[in-house]
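Chemist: Generate coordinates for the sequence data below:
(2 chains, ligands or ions: 2)
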Amino acid sequence: MSRAPSGRADLLVVGAGPAGSLVAREVAAAGHDVVVLDAGPRFDDEDRTERMAAHLRPDEGSPWPRDPERDGYTTGGRPYPLAASRVKGVGGSTLAWHGMAPRLRERDFELRSRHGVAVDWPLSYADLRPWYARAERALGVAGAADGAEGPPREAPYPMPAFPPSASDRILAEGAASVGLSTRTAPNARNSEPYDGDSPCVGYGTCRPVCPSGAKYTAERTVAAAEAAGARVVDRAPVRRLRVDGDRVTGARYTTPGGDHVQAAREVVLAAGGVETPRLLLLSATADHPDGLANSSGAVGRYFHDHLFAGVGGRVDRETRQHHVGFHTTESHAVYDEADPVVGIKLEFLNDAGPTPVGVALSDGSWGDELADRVREAYGGHLAVGALVEQLPDPSNRVRLDPETVDDTGDPVPRIEWSLDDRTRRGIERANDLQRRVLEAVGADLTWTVDAETAGPAAHQMGTTRMGTDPTESVVGPDCRAHDSRNLWVAGSSVFPTGGAMNPTLTIAALALRLGSRLADRLSGERE
Amino acid sequence: MKLSRRDALAALAGVGSASLAGCSGDGSTSLPVDSLVALAETLYPSAAAGHREFVETYVDGRTRGRPAEREALTETVADLNDVAREWYDGRLPGLARADRDTLLREVGVETAAPRRDGTLAERVRRVVDDLLYAFYTSPTGGELVGTSNPPGYPGGTASYHGGR
Ligand SMILES: Cc1cc2nc3c(=O)[nH]c(=O)nc-3n(C[C@H](O)[C@H](O)[C@H](O)COP(=O)(O)OP(=O)(O)OC[C@H]3O[C@@H](n4cnc5c(N)ncnc54)[C@H](O)[C@@H]3O)c2cc1C
Ligand code: SF4
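Modeler: Numbering: from 1, shown residues only, chains lettered A, B, ... in the order given. Ligands and ions are numbered 1, 2, ... in the order given. Take a look at the predicted model:
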């Protein structure tokens, strides 16, 4: 496959994850020339099951190859495990994602007005609502509008929900006894055949790989974009944007065969919440010494993620863990509360405790002795997890680390990250609820992920945030950089705040909205 | 509980060899099936039965079209049989279950990490892990430890919420 540039494209998209591929699909479908460059490789569909087998063997690490030379990074403050928090390749991080696909709630767009903290989005839930519906169709979301406290919907989910699991039923009793309501978890996963892809067949390894194709990955959208005429080039990391005044004219990228420049009328950055700001910072010039689109100084700042907090325990009953690899029930019961002010989404896990094969291959023994240990280790686990909101803070940031370079000689990203008291209180509150639910069902508590041990949920947000004031934000409500006439950003880096909901459905809604506007704009230019 | 060909095909589907699993015959001739069955009888819980069909189908499917894998497996088993002959005066299939178990421990398999080009213990561990993988991702293997739909086995979406 040639990785040489095409002639000047109508649109250049940097990154072939869900954000980039959805924009590309929309614009290509309107008849425009679209080129997508992705840093990582294309992965063959055929070897998905082998990747799953590698994942199930405890000593084999990630099934998605990591390349520390290409993807180096450093951290300051609380360690941020970036290598485990993204995938580079066609399809992006959705290759490994879990596929939980909730909408944000109304309150998430209005934190400043409602609670006097952080900022409001320059958009409301109502503005995004029609795009959410389209995003649910694009990702194929199975769900049920059963939560009384859910934000208003205009249409049913594209597929029926996965029914609650055996362990959900146990935990829902516990939740009810401590006054918490529960609802069906929306899943970007086929509960029935969808768009030519298989329904879920229960491999139970969704994160990090689904062999059946039932879990949405952006490879589906890439295929649709290609069918609509887009050109998608893998192993083509973009290293610098080219600028002329307030316009971006194209991008320089490096392939195994050498360096190239792709020229384009419009450029969309969709390289994820770390690489998008990094590319802007790397593209500094004499006219833009602090990086491109960075007159506000906000590029790379306000980095935030969701914290995963959890408590696990065991009961003397069958809990059927690891039959499937996704959650089916969650609770938004305390999400909108004012104290603590951060959002909390509780999740009932269906993959608590070890897997039989995981125990079998790490124990060392065999025969009856091993079977006894596997049986003992596997049964009766229950766990309640949570995503806890982190409010944006300018000192949490992605910057360039001049001390360390990647395989091309460019400075690697440095992630400076810490937790504030509000987030800690949110985690403590989540732990308290989790403990009470588990204790209500008679579980012996076995583990806790608390404020000291909580890690990020692999949702990198805030680093090119959206706002109306060009001195405080990087892109406007339309996702165009304030400082440029033709540079746009797709992805969770534009989120001013992230609530406590997994971000990808919102990323998809914003990407579809942006794609549709770019298609119109390019059509207008053509006339 | 009897292991079946269906169990082996399920385990094979879980390692990406499903497309090969329908065939049997010619490819299997050079495999040390008797010794592998003897190993499986030691590795799997005593409640399991039907090892031959399971092991034959699984190992054949797993190594079909991968001559280097087949060769490595055959060589490892031959090397283990050499030790068995020296220490216990017989090849694996002729040894009592308890002797095979002791032999594996004496070779150091219990504490070895799997490695394809490693020491005998490491190479045997690799074979052992593969046979254990097959068992614990199959429906019958899962049943024996409390799950009808173990990870790695596409057992559908009924069992997780209580159906079969
Ligand atoms: C283990 C895991 C579980 C997750 N689970 C969930 C979940 O359940 N629900 C949810 O909503 N989200 C989840 N996420 C997050 C989700 O995957 C991301 O939100 C989503 O993939 C982001 O989409 P994106 O297109 O913005 O970025 P990505 O999907 O990260 O794609 C960015 C692409 O850009 C490419 N790129 C980077 N730099 C360059 C460059 N310089 N030039 C060219 N290309 C470049 C990369 O190779 C990559 O392919 C999970 C993530 C992980 C890692
Ligand atoms: S359980 Fe997960 S991995 Fe298995 S088929 Fe369903 S979506 Fe895919």
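
Chemist: burial count for residue B:65?
Modeler: 11 (other C-beta atoms under 10 Å in any protein chain shown). Placement of C-beta: from N, CA and C, glycine included.

Chemist: Which of the three states applies to it?
Modeler: coil (DSSP: H, G, I helix; E, B strand; the rest coil).

Chemist: how much space between it and residue B:8?
Modeler: 17 Å (C-beta to C-beta, to the nearest Å).

Chemist: list the contacts for residue 161?
Modeler: Answering for chain A, as no chain was given. By C-beta atoms under 8 Å, 6 or more residues apart in numbering or on different chains, the residues touching residue A:161 are A:142-144, A:146, A:184, A:186-187, A:191, A:328.

Chemist: wrong one, I was asking about chain B
Modeler: A:163-166, A:168, A:320, A:328.

Chemist: Same list, these, but as JSON lines with pLDDT, neighbour count and distance to chain B please.
Modeler: Converted to JSON lines, the contacts of residue B:161 look like this (pLDDT from 0 to 100; neighbours: other C-beta atoms under 10 Å in any protein chain shown; distance: C-beta to the nearest C-beta, whole Å):
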{"residue": "A:163", "pLDDT": "96", "neighbour count": "18", "distance to chain B": "5"}
{"residue": "A:164", "pLDDT": "97", "neighbour count": "22", "distance to chain B": "6"}
{"residue": "A:165", "pLDDT": "97", "neighbour count": "25", "distance to chain B": "5"}
{"residue": "A:166", "pLDDT": "97", "neighbour count": "19", "distance to chain B": "5"}
{"residue": "A:168", "pLDDT": "98", "neighbour count": "26", "distance to chain B": "8"}
{"residue": "A:320", "pLDDT": "96", "neighbour count": "23", "distance to chain B": "6"}
{"residue": "A:328", "pLDDT": "98", "neighbour count": "23", "distance to chain B": "8"}
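
Chemist: can I have the worst-scoring helix or strand of chain A on mean pLDDT written out in PDB, keeping just the CAs?
Modeler: Within chain A, no helix or strand scores below helix A:48-56, which has a mean of 85 by mean pLDDT, DSSP states H and E. The C-alpha coordinates for helix A:48-56 follow below in PDB (Å, rounded to 0.1, in the frame of the first residue of the first chain):
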ATOM      1  CA  ARG A  48      -8.700 -11.600  16.800                       C
ATOM      2  CA  THR A  49      -9.200 -15.000  18.500                       C
ATOM      3  CA  GLU A  50      -5.500 -15.500  18.900                       C
ATOM      4  CA  ARG A  51      -5.300 -12.000  20.500                       C
ATOM      5  CA  MET A  52      -8.000 -13.200  22.900                       C
ATOM      6  CA  ALA A  53      -6.000 -16.300  23.700                       C
ATOM      7  CA  ALA A  54      -2.900 -14.200  24.300                       C
ATOM      8  CA  HIS A  55      -5.000 -12.000  26.600                       C
ATOM      9  CA  LEU A  56      -6.300 -15.000  28.600                       C
END
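
Chemist: That helix: what's the following helix or strand?
Modeler: strand A:74-77 (DSSP states H and E).

Chemist: same for that following strand, what does it pack against?
Modeler: If you count contacts as 3 or more C-beta pairs under 8 Å, 6 or more residues apart in numbering or on different chains; DSSP states H and E, strand A:74-77 packs onto strand A:397-405, strand A:411-417.

Chemist: got the residue ranges for the helices in the stretch 101-250 of chain A?
Modeler: A:111-115, A:125-139, A:166-177, A:219-227 (DSSP state H, counting those that start in this stretch).

Chemist: Which single residue of chain B ends up nearest ligand 1?
Modeler: residue B:151 (16.1 Å; C-beta to the nearest ligand atom).

Chemist: OK, contacts around the spatially closest residue to that residue that is not a sequence neighbour?
Modeler: Nearest non-adjacent residue to residue B:151, counting by C-beta to C-beta, 6 or more residues apart in numbering or on different chains: residue A:204, 3.9 Å away. By C-beta under 8 Å, 6+ apart, the contact set of residue A:204 is A:322-325, A:351, A:355, B:149-153.

Chemist: Repeat the analysis, applying 10 Å as the threshold.
Modeler: Neighbour list for residue A:204: A:52, A:56, A:210, A:321-326, A:350-351, A:355, B:137, B:147, B:149-155, B:160 [criterion: C-beta atoms under 10 Å, 6 or more residues apart in numbering or on different chains].

Chemist: again with residue A:448
Modeler: With C-beta under 10 Å, 6+ apart, residue A:448 has these contacts: A:309-313, A:431, A:434-435, A:454.

Chemist: just checking, which of these belong to strands?
Modeler: A:309-313 (DSSP state E).

Chemist: Next, format the residues you listed as TSV and append distance to residue A:83, pLDDT and neighbour count.
Modeler: Listed next are the ones in strands among the contacts of residue A:448 as TSV, based on distance: C-beta to C-beta, whole Å; pLDDT from 0 to 100; neighbours: other C-beta atoms under 10 Å in any protein chain shown:
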residue	distance to residue A:83	pLDDT	neighbour count
A:309	22	98	29
A:310	22	98	22
A:311	27	98	26
A:312	25	98	20
A:313	31	98	24
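
Chemist: What is the nearest of these to ligand 1?
Modeler: Scanning these for proximity to ligand 1, where the rule is C-beta to the nearest ligand atom, the winner is residue A:310, at 14.7 Å.

Chemist: Now do the closest one against ligand 2, distance only.
Modeler: Distance, residue A:310 to ligand 2, using C-beta to the nearest ligand atom, to the nearest Å: 20 Å.

Chemist: wait, what's in contact with that residue?
Modeler: With C-beta under 10 Å, 6+ apart, residue A:310 has these contacts: A:346-347, A:349, A:352, A:383-386, A:427, A:430-431, A:434, A:447-450, A:453-454.
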